[in-house]
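A.B. asks: just coords:
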C-alpha cells in the first residue's frame, strides 16, 4: 500500500534484529489486513528479514547508533543520534502518521523521540521483562507503553499508568503452531533438537553442543537430529564436529523456515530473547534457555525465568552450560518423554496468542483519537495468566 499525503500511515520503528523485527512483522500483518497503511523505519541489518508482511510495505532507514568506546566513539554516537532525530523529524513531518510505535533498537529511539517533538501519538512496545534503556528514556515522552510480561522491571512509578499488557506479538506462521500438537517422542524414534542463538547466532552453542551430543549413550545419540543456527564463520567447523560423531545436522547462519522446524522439534536450546521465549510459549515447545550474560540489565535471564516459572523450560546460565552438564540434562530429558510433553503443555501458560490483535486494536484506536480498551491493563492480564 503506497504512502501518500491522503493515506496517513502507521509507522513502525524497529532495529534490524529478530527480537525487534518479528513483533513488528506480526503487528504489520494485522494492520495490513485491517486496511491500514504501514511503513517501517529500520536500519541496514534488516536485510535478513525481507519476508512476510514486511516485504509488502515501504521501508526507510535513518542514522542512529550507540556511543562507542573512547571520546571519538562517544562523539560519533551522539552525532549519529542527533542526525537520526533530524531525519526522523523530517520524515514524520512529511508523512503525518496517525501513530508511531517503537519496538526498540537503534532506529526506534530517534523515530519515537521525533513523534514526541511533533506531538504525534506514540507507543513503545517492550518485548522483554525489563524495560530497555532506550525505552526508559522514552517512557515519559510517549502516550502508552505496551508490554509483553506482567512483571515489568525498571519501570518508574510515574509511568505505570501508561502501561497496557498486550503480550509479545508473534508472526502468523508461529501462531498457527498453536494447532500443531507436540510431536510424540517414541522409543527408537528420531529426536529433533532445534538450536538457535537469536538472529546473530551464538558461538557457545557451536562449542558446546557437538561435545554434549557426543557424550550421550550411543543408542540415544543415534536417534538425534540437530537443526542449528551458527555464526557464518563457524558453520564448517561445527559441521565437521557433528560429522565426526555421525550426527545428522542441518546447519545455517539463518533459518527462514523457523516455524516448520519449531513445529517438528522435541526440544529447543536457545538464547532467551523475548521473541524466542514467546514463540516457544505460543508453539508449546520446551526449551533449555541460556541467557546472554551481557544482555542489558540481564533481561534475558528474567525472560528465561518467566518460562521456567510456569514449568515450560529450564534456565542454564552460560557459565554452567558445559558439555558434561548439558549432556547429563539431555539424557535425563530425552529418556523421559513425559517430562518434555509436560513442559510443552506448561509453556503455553505464558503465551498470549492474540497479542498481535490486541496491539493492532490498540494502535488503531489511538490512531482514531480514542483510548485503548481497559481489558489490556495489568490486572486483567495477570488474572488471565493465573487462570
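C.D. replies: Structure's in. What do you need? Model, not experiment: these values are computed from the prediction.

A.B. asks: strands of the stretch 201-350 of the chain, start to end?
C.D. replies: 224-229, 248-252, 267-270, 287-289, 313-315 (DSSP state E, counting those that start in this stretch).

A.B. asks: looking at those, which is buried most?
C.D. replies: Among the strands of the stretch 201-350 of the chain, strand 287-289 has the highest mean neighbour count (mean count of other Cβ atoms under 10 Å), at a mean of 26. To be clear about C-beta, it is placed using only N, CA and C from the backbone, and glycine gets the same treatment.

A.B. asks: so what touches it?
C.D. replies: 267-272, 276-277, 280, 300, 303-304, 307-308, 312-316, 326, 329, 347 (Cβ atoms under 8 Å, 6 or more residues apart in numbering).

A.B. asks: try 6 Å this time
C.D. replies: 268, 269, 270, 272, 280, 304, 313, 314, 315, 316 (Cβ atoms under 6 Å, 6 or more residues apart in numbering).

A.B. asks: so which of these is the closest to residue 172?
C.D. replies: Nearest to residue 172 among the contacts of strand 287-289, counting by Cβ to Cβ, is residue 280 at 16.9 Å.

A.B. asks: tally up the residues packed near that closest one, please.
C.D. replies: Number of residues near residue 280 (other Cβ atoms under 10 Å) recorded here: 30.

A.B. asks: what bridges to the nearest residue in space to it that is not next to it in sequence?
C.D. replies: Spatially, and ignoring its direct neighbours in sequence, residue 280 is nearest to residue 287 (4.8 Å; Cβ to Cβ, 6 or more residues apart in numbering). Beta-bridge partners recorded for residue 287 (DSSP bridges): residue 268, residue 313.

A.B. asks: still on that earlier bit, now render the contacts of strand 287-289 as JSON lines, adding distance to residue 14 and pLDDT.
C.D. replies: Listed next are those as JSON lines, based on distance: Cβ to Cβ, whole Å; pLDDT from 0 to 100:
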{"residue": "268", "distance to residue 14": "24", "pLDDT": "98"}
{"residue": "269", "distance to residue 14": "26", "pLDDT": "98"}
{"residue": "270", "distance to residue 14": "21", "pLDDT": "97"}
{"residue": "272", "distance to residue 14": "19", "pLDDT": "93"}
{"residue": "280", "distance to residue 14": "21", "pLDDT": "95"}
{"residue": "304", "distance to residue 14": "22", "pLDDT": "94"}
{"residue": "313", "distance to residue 14": "26", "pLDDT": "97"}
{"residue": "314", "distance to residue 14": "30", "pLDDT": "98"}
{"residue": "315", "distance to residue 14": "27", "pLDDT": "98"}
{"residue": "316", "distance to residue 14": "29", "pLDDT": "97"}
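
A.B. asks: pick the one among those closest to residue 239.
C.D. replies: Residue 239 lies nearest to residue 269 out of the contacts of strand 287-289, by Cβ to Cβ, at 17.4 Å.

A.B. asks: what residues does whatever helix or strand residue 100 lives in touch?
C.D. replies: Here residue 100, judged by DSSP states H and E, is contained in strand 99-102. The contact list for strand 99-102 (Cβ under 6 Å, 6+ apart) reads 10-13, 108, 112, 115, 120-124, 363, 366-367.

A.B. asks: try stretch 174-181
C.D. replies: Counting by Cβ under 6 Å, 6+ apart, 259, 263, 279, 282, 283, 353 sit against stretch 174-181.

A.B. asks: got it, and stretch 121-129?
C.D. replies: Here stretch 121-129 makes contact (Cβ under 6 Å, 6+ apart) with 19, 23, 99-103, 112, 115, 135, 138, 142-149, 168, 274, 299, 302-303, 306, 366.

A.B. asks: just the ones in helices from those residues, please.
C.D. replies: Using DSSP state H, 19, 23, 112, 115, 135, 138, 274, 299, 302, 303, 306, 366 are the members of those that sit in helices.

A.B. asks: run a quick neighbour tally on the fourth one.
C.D. replies: So the one you mean is residue 115. Neighbour number of residue 115 under other Cβ under 10 Å is 27.

A.B. asks: measure it to residue 215 for me?
C.D. replies: 53 Å (Cβ to Cβ, to the nearest Å).

A.B. asks: before we move on, the earlier item: out of the contacts of strand 287-289, which is nearest to residue 246?
C.D. replies: For the contacts of strand 287-289, the nearest to residue 246 is residue 269 (19.7 Å; Cβ to Cβ).

A.B. asks: surely the closest one is in contact with residue 194?
C.D. replies: No: Residue 269 lies out of contact with residue 194 (Cβ atoms under 6 Å); the separation is 7.4 Å.

A.B. asks: starting at the chain centroid, how far to stretch 33-43?
C.D. replies: Centroid separation for stretch 33-43 versus its chain: 19 Å, with Cα atoms, centre = their mean, to the nearest Å.

A.B. asks: span of it from start to end?
C.D. replies: 25 Å (Cα to Cα, to the nearest Å).

A.B. asks: who's in contact with the closest residue to residue 215 other than its chain neighbours?
C.D. replies: Ranked by Cβ to Cβ, 6+ apart and with sequence neighbours excluded, the top spatial neighbour of residue 215 is residue 327, at 3.9 Å. Contact analysis of residue 327 by Cβ under 6 Å, 6+ apart lists 212, 215, 216.

A.B. asks: now with 8 Å, please.
C.D. replies: Neighbours of residue 327 in contact, by Cβ under 8 Å, 6+ apart: 211, 212, 213, 215, 216.

A.B. asks: could you do residue 26 as well?
C.D. replies: 169, 170, 171, 172, 175, 355, 356.

A.B. asks: how near is it to residue 216?
C.D. replies: For residue 26 relative to residue 216 (Cβ to Cβ), the value is 36 Å.

A.B. asks: which of the contacts of stretch 174-181 are buried?
C.D. replies: Buried members of the contacts of stretch 174-181, counted by 16 or more other Cβ atoms under 10 Å: 259, 263, 279, 282, 283, 353.
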